[in-house]
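Student: Sequence isn't available, so here's the structure alone:
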């Protein structure tokens, strides 16, 4: 459930104040420079129970589709104490002159999400 909460927190950034170290830092402004969103996913054995990983994959795909033109995104998986960067942060969508590079990055991200497997 922890991984799903991380995603839900990211989605809510568009509606709530940002808080850092207990202090409000202002509202999220979708017109500002793109924020970085590193998706961090639990792929431990417990994620095979009750379809947790399948539900998480669907949620991640929705987040990528919803924010692909506003956020720089990447993907990290972890299990226990080890973590692996599956897809590094991509290009900033609004500053990118080559739309093909953004499309390639989004496709790489979606493919990595589909390939996620619990250990």
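Tutor: That came through, no problem. Quantities reported herein were computed from a predicted structural model and do not represent experimental measurements.

Student: Share the number of residues neighbouring residue 69, please.
Tutor: 12 (other C-beta atoms under 10 Å). In this view, the C-beta of every residue, glycine as well, is placed from N, C-alpha and C.

Student: do residue 79 as well
Tutor: Around residue 79 there are 16 residues (other C-beta under 10 Å).

Student: Confirm for me that it is in contact with residue 48.
Tutor: No: Residue 79 is beyond contact range of residue 48, at 11.5 Å (criterion: C-beta atoms under 8 Å).

Student: what do those two both touch?
Tutor: Both residue 79 and residue 48 are contacted by residue 118, under the criterion C-beta atoms under 8 Å, 6 or more residues apart in numbering.

Student: Spatially nearest residue to residue 90, not counting backbone neighbours?
Tutor: Spatial nearest neighbour of residue 90, chain neighbours left out: residue 105 (3.7 Å); criterion: C-beta to C-beta, 6 or more residues apart in numbering.
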